[in-house]
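A.B. asks: okay, predicted coordinates and the sequence, questions at the end:
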Amino acid sequence: MPTLLLTHPCFLDHDTGFGHPERPDRMRAIDKVLGHELFAGLKREEAPLRADVEEQILRAHPKDYLEMVRRSRPSGDGEHVHLDPDTVMSPGSWQAALRAVGAGLEAVDRVMDPNSGTRNAFCQVRPCGHHAEAQRAMGFCLFSNIAIAGLYARAKHGCERVAVVDFDVHHGNGTQDIFETDKDLFFGSTHQMPLYPGTGALSETGVGNVFNAPLRSGDGGSAFREAMQSRILPSLRNFSPDIIFISAGFDAHRDDPLASLELIEDDFMWITDELVEIAEKQCQGRVVSMLEGGYNLTALARSVGVHIKTLMAAAG
């Protein structure tokens, strides 16, 4: 039952402009690593442009927000529109954003179908999504890819209890914003604090469904693992999810230029293994992982590599 990899060449067409850290070269760096024979067993498919994608986006975002993003896309080659100081659209961004959402939807369909031969999936997409709040684009993100996928899993496949675990170095404020009022949606996050976007305090608990574990600048693997083991993983087990989503950001790596945590590849391998073990015991191994941050190209590629190898080993 191979791990499913969903990606698309159009993710290179989301042009954020010169010097922007969330750049097309991130996809190329990952592609290079995944070209190694170690990953020959991946089932590789293109992220689809689904007919229902806008309908599914409306599960997490109001129609006026969707229309604002649609209207904001520039039409001329080389043009850029800023939705906030960090969040940029180019002519290729609209299709990339729709296919990023579509990757999550397709991954859900596949891991939920017992006849698909897929137990887990990795969505190699951009733009990333975990900072996009219900009514605000921010932090490089246009749509909340993973929240949309989670809400779709509930509506289409009857998943009553949907969990997202986010280990990006930045707090997933968008996912929290969309999930925090629903007790059947779980959000757990480790992240550096203080740091952009300024949310993610221990006191932010939603309706008892939000579990933040902020880390301090300079914290490394031991602090990260302790935060996961003492706060997030026990809460996830108690939640008894029907499906687990991973906001897989790799910018907590020690070499990343945008933050100052000290994680290494072994830490990402460890947390992936912990999450797939919980999934194996509680939800038939159903895991959908979606790429978020990671801006040192070498660290990103290596970290994605160990993350996917761990998913592949769990898929069997």
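C.D. replies: Noted; the coordinates are in hand.
A.B. asks: how close does residue 235 sit to residue 161?
C.D. replies: To residue 161, residue 235 is 12 Å away according to C-beta to C-beta, to the nearest Å. C-betas here are computed from N, CA, C, even on glycine.
A.B. asks: ditto for residue 13
C.D. replies: 37 Å.
A.B. asks: do residue 17 as well
C.D. replies: From residue 17 to residue 161 the distance is 40 Å (C-beta to C-beta).
A.B. asks: give me the more crowded residue out of those two.
C.D. replies: Remark: of residue 17 and residue 161, residue 161 carries more neighbours, 17 against 11, as counted by other C-beta atoms under 10 Å.
A.B. asks: can you tell me which residues contact the more buried one?
C.D. replies: By C-beta atoms under 8 Å, 6 or more residues apart in numbering, the contact list for residue 161 reads 184, 186, 239, 240, 241, 242.
A.B. asks: mind checking which of the residues you listed land in helices?
C.D. replies: Among the contacts of residue 161, the subset assigned to helices under DSSP state H consists of residue 239.
A.B. asks: using PyMOL, define a selection of the buried residues within the contacts of residue 161.
C.D. replies: Buried subset of those, written as a PyMOL selection, criterion 16 or more other C-beta atoms under 10 Å:
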select buried, resi 184+186+239+241+242
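A.B. asks: what residue in this structure is the furthest from its centre?
C.D. replies: Residue farthest from the centre of the chain, counting by C-alpha atoms, centre = their mean, is residue 76 at 29.6 Å.
A.B. asks: which element is it on?
C.D. replies: Assessed by DSSP states H and E, residue 76 sits outside every helix and strand.
A.B. asks: I figured it hits residue 91, correct?
C.D. replies: Yes. When contacts are counted by C-beta atoms under 8 Å, residue 76 is listed as touching residue 91 (7.0 Å).
A.B. asks: remind me which residues of the stretch 1-150 of the chain are low pLDDT?
C.D. replies: Under the criterion of pLDDT under 70, none of the stretch 1-150 of the chain is flagged as low confidence.
A.B. asks: those strands in it, which residues are they?
C.D. replies: 4-7, 43-46, 81-84, 87-89, 120-123 (DSSP state E, counting those that start in this stretch).
A.B. asks: in CSV: those strands, plus mean neighbour count.
C.D. replies: Formatted as CSV, the strands of the stretch 1-150 of the chain follow (neighbours: other C-beta atoms under 10 Å):
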stretch, mean neighbour count
strand 4-7, 24
strand 43-46, 15
strand 81-84, 15
strand 87-89, 23
strand 120-123, 28
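A.B. asks: mind putting these in TSV, distance to residue 282 included?
C.D. replies: Putting the strands of the stretch 1-150 of the chain into TSV (distance: least, C-beta to C-beta, whole Å) gives the following:
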stretch	distance to residue 282
strand 4-7	20
strand 43-46	24
strand 81-84	38
strand 87-89	35
strand 120-123	14
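A.B. asks: which of these sits closest to residue 286?
C.D. replies: Nearest of those to residue 286, taken as C-beta to C-beta: strand 120-123 at 7.1 Å.
A.B. asks: the closest one pairs with which strands, parallel or anti?
C.D. replies: Sheet pairing for strand 120-123, assigned by DSSP bridges, gives strand 4-7 (parallel), strand 287-291 (parallel).
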